[in-house]
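Peer 1: From the sequence below, what's the structure:
(one chain, ligands or ions: 1)
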Amino acid sequence: MTSEERNRIIVIGGGAAGMMAAAAAAQSGSHVELFERNEKLGKKIYITGKGRCNLTNNCGKDAFLEQVCSNRRFLYSALEQWDSADTMRFFEENGTPVKTERGNRVFPVSDHASDVTAALQRCMKRLGVQVHLNSRVKRLLLEKECPVPEDSGGRIRGVELENGEKHFASAVIVATGGLSYPSTGSEGDGYRFAGEAGLKVTPCRPSLVAMETAGEEAPQMQGLSLKNVQVRVKDGKKVLFEEFGEMMFTHFGVSGPLMLSASAIVGKKLADRPLSLEIDLKSALTPEQLDERILREFAAASNRKIANVAGTLYPAKLIPVMLHHCGIDPDTPVRDITKAQRKALVEHTKRFVLTLTALRGYNEAVITAGGVSVKEVKPDTMECKTVRGLYFAGEVLDLDARTGGFNLQIAWTTGHAAGTAAAK
Ligand SMILES: Cc1cc2nc3c(=O)[nH]c(=O)nc-3n(C[C@H](O)[C@H](O)[C@H](O)COP(=O)(O)OP(=O)(O)OC[C@H]3O[C@@H](n4cnc5c(N)ncnc54)[C@H](O)[C@@H]3O)c2cc1C
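Peer 2: Numbering: from 1, shown residues only. Model (predicted):
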């Protein structure tokens with residue numbers, strides 16, 4: 001290795017993690033080259049937070065870690081080095097002021113995700129990072145004959161591009177993202193690189209994603225959005241997820257913030273078997289209070305058809321489905337509704353049950369759960385334990401969190417740790 005190569009760091013991927021890693025390494029004095037397969041940097045960042053980029057969450061470390069779904073303990077030491085306060089300061093210092101909104105979600109003041117990428121680009125330019133666009137890395141170049149003491153994995157030598165060019169370096173940081181929204185450039189190359197280097201990759205699945213349901217009920221209600229409902233996802237009798245919030249029905253099943261959060265918790269189980277989804281449609285009322293309310297509505301309109309009266313209790317799209325669930329003919333006059341039918345209405349309103357059958361695909365998933373096993377990587381530096389000089393950062397790692405800016409913070413935190421350590 002020449003002296004120039006000894007001080008050169010290669011970053012694969014110009015997303016959130018890769019750009020932060022490149023900036024951190026260059027800040028520490030290294031010559032950094034970043035290879036991005038797309039024609040521009042940060043393609044995924046542009047679509048985050050509905051184009052506004054919820055770039056982090058303005059909360060303490062413990063609150064942050066509570067929102068991490070997989071391998072949260074792994075993040076402790078990296079978060080000590082770079083947390084959400086550091087992220088906010090970084091963007092402020094690089095010309096993108098930020099603001100904190102509901103739920104501690106942090107956005108650029110401009111409400112433009114492009115300003116997040118612009119700040120990173122400005123920083124990289126100032127520090128002399130050399131960016132190569134339209135440059136897809138094909139494989140890692142490993143030097144097997146130079147083992148580290150504890151294993152025979154060897155050391156990294158550099159990368160080979162798709163066009164056959166070889167670039168050599170003392171350290172390579174893999175920040176190629178996961179499998180979600182592959183149109184942004186993340187097609188899982190990093191998992192292949194890790195596999196070729198002999199590292200374990202935890203099986204992947206889409207996460208923060210909508211879910212499919214059995215039967216025709218959800219499609220019949222497509223477009224219906226429900227606020228302040230309580231949902232429970234159960235595997236047999238075991239409750240896997242229980243929360244209040246907002247959800248919606250679609251042509252294939254269920255979506256909305258509550259369902260995306262549920263997917264992150266129940267996704268692994270759902271890959272094995274169907275799960276039951278119980279929705280409490282009137283979570284503010286006890287069954288007794290609901291029964292009283294129904295009696296009041298019925299007393300005020302005893303000669304009208306139930307399908308018309310039910311509009312005071314349910315949104316229009318829910319009425320035929322609910323009456324069908326309860327075995328009530330929509331043309332039945334309210335005065336003829338039996339006590340048993342009223343009881344059924346109360347029961348199905350408090351516990352409307354659908355069957356979840358599958359997660360939707362990577363094209364619709366906010367993140368990928370699974371990835372390069374964190375057991376292969378040192379938590380303070382992101383360096384691979386068996387291949388010296390090889391680092392991983394961002395979504396390519398087996399780390400994922402809930403919505404709220406936590407996933408991008410994982411990218412900033414791991415990217416910063418990898419860049420800083422690689423430069424040493
Ligand atoms: C619709 C949507 C909205 C989201 N909103 C938010 C949000 O508001 N807040 C939040 O915290 N998180 C959000 N996320 C999640 C967040 O975007 C990701 O967690 C984050 O972008 C991961 O960063 P990364 O750098 O690890 O991967 P990526 O952003 O996927 O970047 C990887 C980069 O590597 C490049 N690459 C891949 N393979 C190669 C190769 N072989 N050679 C060269 N380059 C390569 C890709 O082109 C890509 O540019 C959202 C995700 C989606 C899909």
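
Peer 1: switch to C-alpha atoms for all contacts and neighbour counts from now on
Peer 2: Fine.

Peer 1: Kindly state the pLDDT recorded for the residue of the stretch 201-350 of the chain found nearest the ligand?
Peer 2: Proximity of the stretch 201-350 of the chain to the ligand (C-alpha to the nearest ligand atom) peaks at L208, 8.9 Å away. pLDDT recorded at L208 is 98.

Peer 1: and if you look at the one 5 residues further on?
Peer 2: What the model reports for T213 is a pLDDT of 98.

Peer 1: Over to K424?
Peer 2: Looking at K424, the pLDDT reads 89.

Peer 1: ok, so what distance separates the residue nearest to it when sequence neighbours are not counted from D86?
Peer 2: Distances taken as C-alpha to C-alpha, 6 or more residues apart in numbering put S28 closest to K424, at 7.7 Å, once the chain neighbours are dropped. The gap separating S28 from D86 is 16 Å, by C-alpha to C-alpha, to the nearest Å.

Peer 1: roughly how far is the helix or strand containing I319 from the heart of the chain?
Peer 2: Counting by DSSP states H and E, the element that carries I319 is helix 319-325. Using C-alpha atoms, centre = their mean, to the nearest Å, the mean C-alpha position of helix 319-325 is found 34 Å from that of the whole chain.

Peer 1: swap in stretch 267-282?
Peer 2: For stretch 267-282, the distance from its own C-alpha centre to the chain's C-alpha centre is 19 Å (C-alpha atoms, centre = their mean).

Peer 1: how far does that stretch stretch from start to finish?
Peer 2: First-to-last residue span, stretch 267-282, C-alpha to C-alpha: 26 Å.

Peer 1: For that stretch, which residues meet the burial criterion?
Peer 2: By neighbour count on 16 or more other C-alpha atoms under 10 Å, the buried set for stretch 267-282 is 267-268, 270, 274-282.

Peer 1: still on that earlier bit, list the contacts of the helix holding I319.
Peer 2: If you take C-alpha atoms under 8 Å, 6 or more residues apart in numbering as the criterion, helix 319-325 is touched by 217, 220, 307, 310-311, 329-330, 345, 348-349.

Peer 1: Could you tell me the phi and psi values at the residue of the stretch 201-350 of the chain closest to the ligand?
Peer 2: Per-residue torsions, L208: phi 50, psi 60 (degrees, to the nearest 10).

Peer 1: residue contacts, it?
Peer 2: Here L208 is in contact with 259-264, 365-367, 402-403 (C-alpha under 8 Å, 6+ apart).

Peer 1: Just the buried ones from the contacts of helix 319-325?
Peer 2: 217, 220, 307, 310, 330, 345, 348-349.

Peer 1: Any regions of the protein where pLDDT drops low?
Peer 2: Applying pLDDT under 70 to the chain picks out residues 1-6, 144-153.

Peer 1: Just give me the neighbour total for R72.
Peer 2: R72: 15 surrounding residues under other C-alpha atoms under 10 Å.

Peer 1: who's in contact with it?
Peer 2: Contacts of R72 (C-alpha under 8 Å, 6+ apart): 65-66, 399.

Peer 1: ok, of those, which one's closest to the ligand?
Peer 2: L399 (9.4 Å).

Peer 1: hang on, the earlier thing: now the two most distant members of the buried residues of stretch 267-282.
Peer 2: Farthest pair in the buried residues of stretch 267-282 (C-alpha to C-alpha) is K268 and K282. Separation: 29.1 Å.

Peer 1: Redo the contacts of L208 as JSON lines? Include secondary structure.
Peer 2: Putting those into JSON lines (DSSP: H, G, I helix; E, B strand; the rest coil) gives the following:
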{"residue": "M259", "secondary structure": "helix"}
{"residue": "L260", "secondary structure": "helix"}
{"residue": "S261", "secondary structure": "helix"}
{"residue": "A262", "secondary structure": "helix"}
{"residue": "S263", "secondary structure": "helix"}
{"residue": "A264", "secondary structure": "helix"}
{"residue": "A365", "secondary structure": "coil"}
{"residue": "V366", "secondary structure": "coil"}
{"residue": "I367", "secondary structure": "strand"}
{"residue": "R402", "secondary structure": "coil"}
{"residue": "T403", "secondary structure": "coil"}
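
Peer 1: Of those residues, just the buried ones, PyMOL syntax please.
Peer 2: Typed into PyMOL, the line below selects the buried ones among the contacts of L208, using 16+ other C-alpha under 10 Å:
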select buried, resi 259+260+261+262+263+264+365+366+367+402+403
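
Peer 1: rewinding a little: what about the residue nearest to K424, neighbour count?
Peer 2: Applying other C-alpha under 10 Å, we find 16 residues neighbouring S28.

Peer 1: That one reaches A423, doesn't it?
Peer 2: Yes: using C-alpha atoms under 8 Å, S28 is in contact with A423, at 6.0 Å.

Peer 1: can I see the domain layout of the chain?
Peer 2: The chain breaks down by automatic domain parsing into domains covering 3-206+368-423, 210-360.

Peer 1: show me the contacts for K234.
Peer 2: By C-alpha under 8 Å, 6+ apart, K234 lies in contact with 240-241, 275-278.

Peer 1: now with 10 Å?
Peer 2: 240-242, 266, 274-278, 355-356 (C-alpha atoms under 10 Å, 6 or more residues apart in numbering).

Peer 1: out of those, which one sits closest to A393?
Peer 2: Minimum distance to A393 across the contacts of K234 is 25.1 Å, recorded for V266 (C-alpha to C-alpha).

Peer 1: does the closest one belong to a helix or a strand, and which?
Peer 2: helix 257-270.

Peer 1: Run the angle between the helix or strand that that helix is followed by and helix 257-270 for me.
Peer 2: The helix or strand immediately downstream of helix 257-270 is strand 275-280, counting by DSSP H and E. Between strand 275-280 and helix 257-270, the angle comes out at 150 degrees (axes from the mean of the first three to the mean of the last three C-alpha atoms, to 10 degrees).

Peer 1: tell me which strands and helices strand 275-280 is in contact with?
Peer 2: With contacts defined as 3 or more C-alpha pairs under 10 Å, 6 or more residues apart in numbering; DSSP states H and E, the secondary structure elements packing on strand 275-280 are strand 211-213, strand 225-235, strand 238-249, helix 257-270, helix 339-350, strand 352-359.

Peer 1: Dump that strand to CSV, keeping only the CA atoms.
Peer 2: In CSV, the C-alpha atoms belonging to strand 275-280 read as follows (Å, rounded to 0.1, in the frame of the first residue of the first chain):
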residue,chain,number,x,y,z
LEU,A,275,-52.2,-12.3,13.2
SER,A,276,-55.4,-10.8,14.5
LEU,A,277,-55.9,-7.1,14.4
GLU,A,278,-58.5,-5.8,16.9
ILE,A,279,-59.7,-2.2,16.5
ASP,A,280,-61.5,-0.4,19.3
